[in-house]
Each structure stands twice: as structure tokens, then as C-alpha cells.
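Undergrad: fold the following for me, if possible:
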Amino acid sequence: MLATDFERLVAEGRAALVRDGAAADGLVVTRSLRVRYRGTESELAVPFSAPVSTLVRDFEAQFRAHFGYLHQDRPLEIAQISVAISEPTAAPPSQPLAATATSAPAPARAHRLYLDGHWHEDVPVYLRETLTPGVQLSGPAMIAEATGTIVLEPGFSLASTADGLLRVTQQPTANCQLPTANCQLSSPDPVLLEIYANRFMSIAEQMGRTLRQTAMSVNIRERLDFSCAVFDAQGELIANAPHIPVHLGAMSESVKAVIRSQPELLAGDLFVTNDPTQGGSHLPDITVVAPVHDAGSALRFFVAARGHHADVGGTTPGSMPAFSRTLAEEGIVLTNVRIGSAGRFDRARLQALFGAGPFPARRIAENLADLEAQLAAVTTGARLLLELAEERGVQQVERYMRFVQDNAASEVQKALRLLPRGRHTFTDRLDDGTPLVVALEVDAGQLTVDFEGTGPEHPGNLNAPRAVTLACVLYFLRLLVGKPIPLNSGCLRHVRVLVPEPSLLSPGPERAVAGGNVETSQRVVDALLGAAGILAASQGTMNNLSFGDGSYGYYETVAGGAGAGRDFDGASAVHTHMTNTRITDAEVMERRFPVRVLEHAVRRNSGGRGQQSGGDGVRRTLEFKAAAHVSILSERRASAPFGLHGGEAAQPGQNLLNGRVLAGAVSFDVQAGDQLTLLTPGGGGFGAPLCKVTAS
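TA: You can find the predicted model right below:
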């Protein structure tokens, strides 16, 4: 079948080239396939060859080189066949350097140049058009062109060739006479600081791209409910991709928990954790942690990837039960489990763990596939960090990891100095009346965040692990800075966080936490921003919806309204604060699960009025095509998102089944034809609404 398809494409391509004037004889034909594991999006091009075993071998070699592992027992599928047909052309003759080098032209001017923490005076600036073939220059120098400037750094030479190219080569040097990769600097070069901040961020972003490409579940591939980050050898957060804020402050605690629990960390080790007492957020969020060793087996860095799994067991499909009271009811607990050594993935052990306990996971194969994708992500991060260390020197990379934290600490301290001094308090209440109290003590660039007065441990699942509470504070500080700096551990350097223990915001080890990560975290951020007086309440919930049966589980969060600020209206129909996920595309959802999306629209006029108005929430209606068990975990159904400085409160949310009002936390069965509607809250207004004056 493939051979027939290829011959048809070859005939079409040959005919097209001949019509364009190519000679029929001598055309070069290349046949290739784009192949992927079924259920993933990552396609790789492999040459077409008749033996299937050769195709599989070529694909697996590429996949392992890209992602560091292979899926076990996952079938391959062909996503695309392609044919490239070309007419060979004679290669142009090579253009060597001129036989006799000419002297360098006189520079047009001289200028100061700052490189690697060092000022170079009177650096010559040449015009590009004056560099005739044979001219050779040594750095430092600058070459000005019509559309840019070339900087020739010290230690490099440039030669102009007969074909008009400028060829740059590095000159071998015995000693580091200028501040280069391995020279010690007591303070950061501002240019290098910016470069490193972006390099670290880029590594985390590339980890995220790898994770999304290779994941199996809709949660990771479509909703983007995952986070990737880079850490130093002590487990301090250096940089994260802009993924899910509630994950990121907590991930450092997970890495440090692995360090504490493992007396010896070896190259190729892999660990998995979701334990809320060890930096976990809630059980569906599983984190893969990998130490990164250099060629001499010295531990240099850590990388981690956290992903929300569609189901990890528990009493209801989707592992987000509305009425859980203990952690065991929410699924399996993984506490710093070694799942790999020497780069080998221990599938058998993981399969046993996911299948154990009173409420095992429902789709273990999908859990394992997503964990393999997380393994690919941390493998990518480790490789890129080691490449950076090879390029710039490991000492410089480690030094700039400290510098980016120092910079974050400095920027946060500047932002704190803009807050009014003194004690600023704010009290909010969950829908069941549980108090959430925060006080901000601001003094000379230092901040104490005190949650004294917040309610005790929740009898249900609205408890937020301490790591989540710290993530909320870290996110709040990042908002105060208001400029693009990497969110890292340095943000907390001038901040003291006081949390009563045990309490709603730091529960004991067996307490249920499914709702604390997604609901209470939202309310903590609203309270922090309310205490600072800078932003009205956003929707204050993630509107968690999960459904399924014994064979599958689906989970999503639904957008709402954002709170207004002093100079701007709140956005409508967006995920706010501690979540940053997408909604699953209707086409994907309807193809993968037995539901229809009947409505997904802005809930007009649900935002609070004010001088600046709050954003509107969402109307979302699903129709079930088969029986399922449904759980909803939502807040702001009994209490409205508050306005600030005279702004009006927003409309609270509402959950409806066939038009009948449901509670905010509810679990029930549906039959084919039942319709579920979520009306999500808006955001509060900022400032008293302007009165309209009419003539009488």
C-alpha cells in the first residue's frame, strides 16, 4: 500500500518538475515517513525502506536520541508520507582566501565596548564595505553594516573571503587574561545576567515542549496542566517556564525533599513524588525529579517536571473527589520513590505502585506513558544544562545561578519599598465560613507575611499544603515586581512567611488536600492582593470538574473573571492567578470522551462594577452521551468575589444539572442526555462606580 502511494506521489512530482523545464532524466527522489507513537504528537522523519524492522529501528534510534527513552509496548503509526524530488545543479566553485592578504583599512571611528564585565577603550569600528577580500582583523573590533553591527570579541579573528563572507575563528589562548567563561567575577556582568536568565528560562521552556510532544493524556497535551523548572545543586529554584504558578513555588520543596531523603544521588537516578508533605500540591500532580551530574560524576543541578495526571485513583474518577476527608481517598501517594537508575525507567515498580491500595489508579498505562513523557522532559533539561556548562564553564553557570537569584531578591526588595510601611490586614472566608486571614508587615524593604487567625485544618479537602501556601506568596511577590524576571527562590530572600501549624494552610500529613491546591490557593492570592490594596478579587476558584467511569477519568478547570486594578479593567473568561491551563478543545474532548460541548461563552455582566470593572465569567454546558460519575469542586458559590476601594462585588458562580441548582462541592451520577452547566464567577470591581447625572 505504501509503495503504491509513494509511486503516485513520485509520478506527480516528476510531472510537475518536467513542466517547469527540468530534464526528465537524472531527477533525485527521496522518500520518507513521519512516524510517531500512537496517542502522541511527536513525529520524527525516517527514510522509507521496505523492511518494517528497518523503519522501526531508525525511528527508535531518533526517538531515544531526542527524548532519552522508548515507549514500551506502544504501537507506531504513520502520520505522513512525503516525497522530495529535485534536479541536481552544479555546485559553485569554492572561494578561498585571497592569496595575499591586504592590510586592514583605517577604522571609521573608535568606540568604548563593554564585554564580560570589562570596558575596552578605543575599539576600532570598521565599515563592512571596506573589508575587501584578504583583510584580516583581530578582536576586539566592531564592523558596522547597513542593517546591524558585528562585534568581534577578544580572542577571535576575522578574515574576509573572496566570496564576500566574513569567517570568524577563535584564537587559542593559554591564560584567561580577560573576563571569559572561567574567570571569577564578584558581581554579574549585566549583559551576561540577562543572557543567563533567558538561557535558564529557555531550558525550562524546551523541557515543557518535550513534555507536551510526548505526553499521552489530554491534561498535559491539550490543557497544558504541567510545569518544568531548573534548580541548583541545593534544590533552589532558578527558573521555570511560565506554566502553572501553583506548581512552581512548591516544586523546590519537592526537590529538597528528595535531597533530604536520599543519602546518595547518582548519575541517572530518577525520583517521583506527589506527597503533599514533601512539596506536593495534590495527588494528581506528580513530579519527576532528576539530579544532573557532570562528566566527573559531581552533582551540579536538578531538573524537575510536574504534570497533572488524569487519574491517580481515589474514590471518584479524575481523583478530585468533592467530599474526601483523608489523603487515601484521593488516590495513591508516592513519596520520593526511586523509579530509575543509570537512566533506566522502572516500569514494573511504578505499575505495582499505581495498582496498590484501596483505591488504585484506573488507567495505569496512561500514567506510565505520561511519566515517560516527564522523563523525556527532564532528560532534555539535563542535556541542555550540561551543554551550557560545556559551552561557558560550569563555574560560570553556577555563579550566574546565584546571580539570577540575587537579582530576583533585589527586584523584590525594590517592589517592597514601594508598598506603604506598616501592617496591612485582610480577612476573607471560604464558602463554608472558614476564615482566611493575612497580615502584611512592611518595613524598609522587608516583608513579613503572617497568616495567624486563619482557620484550623479543614475537615474536608480544602486544606492547602504549606508548599502551596509558599507558592501563593511567591506568585504574589512576582506580581509586585511587574517586570520579566525569572520566578526563583531569590524572591523570598527578604520575606518571612508565618503559617500557623496545623491549619488550613499547613495541614497534617493525612489530611485531604484536593481542593486546597486548586481552591484555597486562589483565595490566598486574592487575600494577599486585597491586603496590599492593589487588586480586587478574581473569580477565586478553578471550577474543577471531573467525570468518568471505571475505565477512564477526565478533569478540567474552567475560566472566569479577573479582578480589576487601579488602572485597568479585569479580563473576562480567563484562568486567573494560580492556574494557567487551557480548556480542552471541543473537538478533542468530543472525540476522546462521551460528551458534547453545547455551550462555552462569556457570562455577560457577571463582573463587579467600579471605576474599573471586573471581568466576566463563563457559561459552559456539557451534555453526556453515556452514564458517568461526576464530581464538582468549586468555591465562590455562596460568597461573591469582593470589590476593592468601593468597587462592587462580582456575581458568584452556580452549578446546574438539567436546570436544577447544585452545591459548590457535589458528586453525582449522570445518564445519557443529562446536561451540566457551570456558571463561573466574575471578578470584583475597583473604585466606586461613577454616578450618572441626568438633567431634570
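
Undergrad: report the secondary structure state of the closest residue to Leu388 other than its chain neighbours.
TA: Spatial nearest neighbour of Leu388, excluding adjacent residues (Cβ to Cβ, 6 or more residues apart in numbering): Val397 at 5.7 Å. Quick note: C-beta positions are derived from backbone N, CA and C, even for glycine. With DSSP: H, G, I helix; E, B strand; the rest coil as the basis, Val397 sits in helix.

Undergrad: same deal with the one 5 residues further on?
TA: Assigned by three-state DSSP, the conformation of Arg402 is helix.

Undergrad: how near is it to Gln654?
TA: Distance, Arg402 to Gln654, by Cβ to Cβ, to the nearest Å: 50 Å.

Undergrad: cool, and Gly565?
TA: The separation that Gly565 has from Gln654, given Cβ to Cβ, amounts to 26 Å.

Undergrad: okay, now the unreliable bits of the stretch 51-200 of the chain?
TA: Low-confidence segments of the stretch 51-200 of the chain, defined by pLDDT under 70, span residues 68-69, 90-102, 117, 172-186.

Undergrad: 80 instead, please
TA: 51, 64-74, 89-103, 116-118, 171-186 (pLDDT under 80).

Undergrad: can you give me the helices for the stretch 51-200 of the chain?
TA: Ranges of helices within the stretch 51-200 of the chain are 52-67, 190-214, based on DSSP state H, counting those that start in this stretch.

Undergrad: buried deepest among the ones you listed, which one?
TA: The highest average neighbour count among the helices of the stretch 51-200 of the chain, using mean count of other Cβ atoms under 10 Å, belongs to helix 190-214 at a mean of 20.

Undergrad: now the helices of the stretch 51-200 of the chain as a markdown table including distance to Pro507?
TA: Shown next, in a markdown table, are the helices of the stretch 51-200 of the chain (distance: least, Cβ to Cβ, whole Å):
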| stretch | distance to Pro507 |
| --- | --- |
| helix 52-67 | 37 |
| helix 190-214 | 29 |
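
Undergrad: out of those, flag the one nearest Gly482.
TA: Among these, the nearest to Gly482 by Cβ to Cβ is helix 190-214 (16.1 Å).

Undergrad: which strands and helices sit next to the closest one?
TA: helix 52-67, helix 218-221, strand 226-232, strand 237-240, strand 299-308, helix 364-392, helix 394-417 (3 or more Cβ pairs under 8 Å, 6 or more residues apart in numbering; DSSP states H and E).

Undergrad: check contacts around the residue lying closest to Arg417 once chain neighbours are set aside.
TA: Closest residue to Arg417 apart from its sequence neighbours, by Cβ to Cβ, 6+ apart: Gly445 at 4.9 Å. Counting by Cβ atoms under 8 Å, 6 or more residues apart in numbering, Gly445 makes contact with Gln413, Lys414, Leu416, Arg417, His494.

Undergrad: what's the spacing between the first one and Gly687?
TA: Using Cβ to Cβ, one obtains 29 Å as the distance from Gln413 to Gly687.

Undergrad: out of the helices and strands packed on helix 190-214, flag the one nearest Phe624.
TA: Proximity to Phe624, assessed across these by Cβ to Cβ, is greatest for helix 218-221 (16.9 Å).

Undergrad: for Tyr475, phi and psi?
TA: Here is the backbone geometry of Tyr475 (degrees, to the nearest 10): phi -60, psi -40.

Undergrad: could you give the number of residues near it?
TA: Tyr475: 21 surrounding residues under other Cβ atoms under 10 Å.

Undergrad: that one touches Val525, doesn't it?
TA: Yes: counting by Cβ atoms under 8 Å, Val525 is a contact partner of Tyr475 at 6.3 Å.

Undergrad: joint contacts of those two?
TA: His577, Met578.

Undergrad: where do the strands sit along the stretch 401-550 of the chain?
TA: 422-429, 435-443, 446-450, 495-498, 544-548 (DSSP state E, counting those that start in this stretch).

Undergrad: would you map out the domains in the chain?
TA: For the chain, automatic domain parsing gives the domain ranges 2-86, 109-170, 190-409, 535-696.

Undergrad: which one of those lies closest to Glu501?
TA: Closest of the domains of the chain to Glu501 is domain 190-409, at 11.8 Å (criterion: Cβ to Cβ).

Undergrad: end-to-end on that closest one?
TA: End-to-end distance of domain 190-409 (Cα to Cα, to the nearest Å): 15 Å.

Undergrad: likewise stretch 318-336?
TA: Start-to-end, stretch 318-336 (Cα to Cα) is 23 Å.

Undergrad: ditto for stretch 550-557
TA: Distance between the two ends of stretch 550-557: 21 Å, counting by Cα to Cα.

Undergrad: show me which residues of it are buried.
TA: Buried residues in stretch 550-557, counted by 16 or more other Cβ atoms under 10 Å: Tyr552, Gly553, Tyr554, Tyr555, Glu556, Thr557.

Undergrad: for stretch 313-328, same thing?
TA: Neighbour count says stretch 313-328 has 313-324, 327-328 buried, by 16+ other Cβ under 10 Å.

Undergrad: then stretch 231-238?
TA: By 16+ other Cβ under 10 Å, the buried positions in stretch 231-238 come out as Phe231, Asp232, Ala233, Gly235, Glu236, Leu237, Ile238.

Undergrad: go on, stretch 15-30?
TA: Under the neighbour-count criterion of 16+ other Cβ under 10 Å, stretch 15-30 has Leu17, Leu27 buried.

Undergrad: now stretch 521-537
TA: By neighbour count with 16+ other Cβ under 10 Å, stretch 521-537 contains the buried residues 521-532, 534-537.

Undergrad: return the member of the buried residues of stretch 550-557 nearest to Glu145.
TA: Nearest to Glu145 among the buried residues of stretch 550-557, counting by Cβ to Cβ, is Thr557 at 50.1 Å.

Undergrad: lowest average confidence, helix or strand, in the protein?
TA: strand 344-345 (a mean of 80; mean pLDDT, DSSP states H and E).

Undergrad: that one pairs with which strands?
TA: strand 337-341 (antiparallel) (DSSP bridges).

Undergrad: excluding chain neighbours, what is closest to Ser506?
TA: The shortest distance from Ser506 to any non-neighbouring residue, by Cβ to Cβ, 6+ apart, is to Arg466 (4.1 Å).

Undergrad: widest-spaced pair of the buried residues of stretch 313-328?
TA: Taking Cβ to Cβ, no two of the buried residues of stretch 313-328 sit farther apart than Pro317 and Leu327, at 17.8 Å.

Undergrad: show me the contacts for Gly553.
TA: The contact partners of Gly553, taken as Cβ under 8 Å, 6+ apart, are Ala310, Asp311, Pro317, Gly318, Ser319, Arg362, Arg363, Ser546, Phe547.

Undergrad: hang on, isn't the last one packed against Ala627?
TA: Right, Phe547. No: in this structure, Phe547 is not within contact of Ala627 by Cβ under 8 Å, at 10.3 Å.

Undergrad: neighbour count winner among those two?
TA: Higher neighbour count among Phe547 and Ala627: Phe547, with 26 against 12, using other Cβ under 10 Å.

Undergrad: alright, I will stop here.
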